[in-house]
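Visitor: need the 3D shape of this:
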Amino acid sequence: MERKIRILVAKPGLDGHDRGAKVVARALRDAGFEVIYTGIRQTPEMIAEAALQEDVDVVGLSILSGAHMALVPRIMELLHERGMDDVLVVLGGIIPNEDVKALEKLGVRGVFGPGASTQEIVAFIREELNLSPAPAVAA
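Guide: This is a model prediction of the structure:
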C-alpha cells in the first residue's frame with residue numbers, strides 16, 4: 001500500500017483571510033492527500049518547524065497580504081536549513097507576475113493566482129510528485 005502524500009497548508013504573516021486556504025486544503029484532502037492546516041498568522045519559523053515535524057512532501061503557502069517577497073525567502077531558507085530541499089513548495093494568493101520568476105529562483109515550484117482551480121492545483125502537485133492522475137469521479 002502506497003503511503004499518502006502529506007501536504008502542509010499554511011498562512012504566513014498577518015493576513016487573516018483564510019477562506020481560500022481552507023477551500024484548497026479541503027480539495028487536496030478530497031483528492032486523497034493527507035492535509036495538515038496550520039491556521040492563520042504563522043511565522044516562517046512555525047511553518048518550517050511544522051513541515052519538519054509533520055514530515056511533509058509539500059508545503060502550500062497562501063499569502064494575500066503582499067508580503068510574499070519578505071515571507072517566502074525566509075521560509076525557503078528555513079526549509080533548506082532543516083534539510084528539506086526535496087519538499088515541493090507551492091504558493092497561492094495575490095502574486096504580481098513580476099515576482100513569479102524571483103519566487104521560482106528561490107525554489108517555489110508553482111504559483112497560483114486568483115481564479116486558479118483546485119483541480120489545476122491537484123493536477124500540478126500530482127505531476128510534480130510523479131503520481132498517477134486521480135481516478136475520475138462520476139458525477
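
Visitor: strands of this protein, residue ranges please.
Guide: With DSSP state E, the ranges of strands along the chain come out as 6-10, 34-37, 58-63, 88-93, 110-112.

Visitor: quick one, which of those strands is nearest to Thr43?
Guide: The minimum distance between Thr43 and the strands of the chain falls on strand 6-10, with 9.9 Å, by C-beta to C-beta. Using the backbone N, CA and C atoms, a C-beta is placed for each residue, glycine as well.

Visitor: strand partners (parallel or antiparallel) of that closest one?
Guide: strand 34-37 (parallel), strand 58-63 (parallel) (DSSP bridges).

Visitor: could you dump the first one to CSV, C-alpha only?
Guide: It stands for strand 34-37. Taking Å, rounded to 0.1, in the frame of the first residue of the first chain, the C-alpha atoms of strand 34-37 are listed here in CSV:
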residue,chain,number,x,y,z
GLU,A,34,-3.2,14.0,3.9
VAL,A,35,-3.5,17.7,4.7
ILE,A,36,-2.2,19.5,7.8
TYR,A,37,-3.6,23.0,8.1
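
Visitor: next one: it to chain centre, how far?
Guide: Remark: strand 34-37 is offset 10 Å from the chain centroid, using C-alpha atoms, centre = their mean, to the nearest Å.

Visitor: cool, and the last one?
Guide: Centroid separation between strand 58-63 and its chain, computed with C-alpha atoms, centre = their mean, is 3 Å.

Visitor: what does that strand contact?
Guide: Outside of strand 58-63, the residues within contact range by C-beta atoms under 8 Å, 6 or more residues apart in numbering are 5-13, 15, 18, 20-21, 24-25, 28, 33, 47, 51, 68, 71-72, 75, 79, 87-95, 125, 129.

Visitor: show me which of those residues are buried.
Guide: Neighbour-count burial (16 or more other C-beta atoms under 10 Å) is assigned, among these, to 5-13, 15, 18, 20-21, 24-25, 28, 33, 47, 51, 68, 71-72, 75, 79, 87-93, 95, 125.
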